[in-house]
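Asker: how does the following fold in three dimensions:
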Amino acid sequence: MTRTRDHAFLVLLAFLGLYIWVRDLSWLDNAHDTWPILAGIPLFLGLTRPWSFARLETPPPVSQHVAVGVAFFLAGVLLDLAFLLALAWTCLLWAWIAARIPAGQARQATAKKLLALPLLSFPWIAADLHSLGWIFRLTGAAAAEQFFALLHFDVLRQGTHLWVGGDAISVDAACSGLNGLQAIFIAGTTLAYLKLKDSRRYWWSFPILFGAAWLANTLRIVMLALFSVQTDWNISNGLVHALAGWLALCLAFGICWFIFTFQEQGSRWKEFPQHG
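Answerer: Coordinates of the predicted model:
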């Protein structure tokens, strides 16, 4: 009976996850930046294996995590917020893990550390945080203005619109990088866990991820603007945006790798102090 309940609960999670993805299909406009976040759940499952389930003679009682998950889901539907729906799904997943894996097992502690991966596996940043996208676009346009000024180009900027040597460049919504932001967070979270999983510095990696994502996206906007000025291609071209998005992901990963490797070495130096 317990195994049947497990299967039923996992099927429910699959249907709820599908609902969160298809309820708002605006992400299809930049699908090439969004598809990579589907790697979040497989990465979560892979990093927390092997799974060792407790033998239960009777089904576990409904936990507070289930109640919280249901409350978040209802709030997400009523308020039309994808973030609350993703948070609800993650709470329900954790409710199942907490009930089936004993609290003393290292696997449960690992799963708790990596809950950011399933939370980031739904396109809620692009759906809910439009103001964040505007900030990314504005700061990216400002950085591009300074870059071209340093190269002695005749440049003028008004908000997110640039004129470089008479060529008009608009840093529009597609340049905000929001669709690729979650992919950067997923890659960075995975790297932070691999480098810092046994250190308290792991929890400080998340602000670093945001900074790395902003820097990578700003460099992407600068590169797109330079590409537009130096060639006849339009930066609104889908292929150009796709290539720039993947390049931004690689840049952010490289930045995080450098920082987390430095932090990892710092943690080891603390564990093995030098005695004079």
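Asker: now stretch 69-77: buried residues?
Answerer: Across stretch 69-77, burial judged by 16 or more other Cβ atoms under 10 Å covers Gly69, Phe72, Phe73, Gly76. Any C-beta I mention is one placed from the backbone N, CA and C, and that applies to glycine too.
Asker: helix, strand, or coil at the second one?
Answerer: Just to be clear, that refers to Phe72. helix (DSSP: H, G, I helix; E, B strand; the rest coil).
Asker: that one against Leu87, yeah?
Answerer: Yes - assessed by Cβ atoms under 8 Å, Phe72 is found in contact with Leu87 at 5.0 Å.
Asker: tell me the predicted confidence for Glu145.
Answerer: Note on Glu145: pLDDT of 89.
Asker: ok, now the one 10 residues further on?
Answerer: What the model reports as pLDDT for Val155 is 88.
Asker: and for it, the neighbour number?
Answerer: Burial of Val155 is recorded as 20 neighbouring residues (other Cβ atoms under 10 Å).
Asker: and what of the one 4 residues further on?
Answerer: The burial metric for Gly159, expressed as a neighbour count using other Cβ under 10 Å, is 12.
Asker: for it, grab phi and psi.
Answerer: Dihedral pair for Gly159: phi 60, psi -120, per degrees, to the nearest 10.
Asker: surely it and Ala141 touch.
Answerer: Yes - when contacts are counted by Cβ under 8 Å, Gly159 is listed as touching Ala141 (7.2 Å).
Asker: related to what we said a few turns ago, and the furthest pair within the buried residues of stretch 69-77?
Answerer: For those, the maximum inter-member distance is 10.4 Å, found between Gly69 and Gly76 (Cβ to Cβ).
Asker: for this structure, what spans make up the strands?
Answerer: 155-158, 161-164, 167-170 (DSSP state E).
Asker: and those strands: which comes nearest His7?
Answerer: strand 167-170 (50.5 Å).
Asker: now that closest one: average pLDDT?
Answerer: So the average pLDDT for strand 167-170 ends up being 78.
Asker: and for Leu115, the neighbour number?
Answerer: Neighbours of Leu115 using other Cβ under 10 Å come to 17.
Asker: what about it, distance to Ala213?
Answerer: Here the criterion is Cβ to Cβ, to the nearest Å. By it, Leu115 lies 19 Å from Ala213.
Asker: before we move on, the earlier item: common neighbours of Gly69 and Gly76, please.
Answerer: Shared contacts of Gly69 and Gly76 (Cβ atoms under 8 Å, 6 or more residues apart in numbering): Ala88.
Asker: and Pro118, what's its pLDDT?
Answerer: Confidence score, pLDDT, at Pro118: 95.
Asker: for it, give me its contacts.
Answerer: Taking Cβ under 8 Å, 6+ apart as the criterion, Pro118 is in contact with Gly40, Ile41, Phe44, Trp89, Thr90, Leu93.
Asker: now, which of these sits nearest Ile20?
Answerer: Using Cβ to Cβ, the contacts of Pro118 come closest to Ile20 at Trp89, 6.4 Å.
Asker: quick one, what contacts that closest one?
Answerer: Leu13, Leu16, Gly17, Ile20, Gly69, Phe73, Pro118, Phe122.
Asker: so which of the residues you listed are in helices?
Answerer: Taking DSSP state H as the definition of helices, these contribute Leu13, Leu16, Gly17, Ile20, Gly69, Phe73, Pro118.
Asker: which pair of these spans the longest distance?
Answerer: Phe73 and Pro118 (14.4 Å).
Asker: just the helices in the stretch 101-250 of the chain please.
Answerer: Remark: helices assigned in the stretch 101-250 of the chain by DSSP state H, counting those that start in this stretch are 106-113, 116-119, 124-128, 130-150, 178-196, 205-230, 238-271.
Asker: got any ranges where the protein has weak pLDDT?
Answerer: 1-3, 50-62, 102-105, 173-177, 179, 232-242, 245, 266-276 (pLDDT under 70).
Asker: re the thing from before, turn the buried residues of stretch 69-77 into TSV, including distance to Gln108.
Answerer: Shown next, in TSV, are those (distance: Cβ to Cβ, whole Å):
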residue	distance to Gln108
Gly69	17
Phe72	21
Phe73	23
Gly76	26
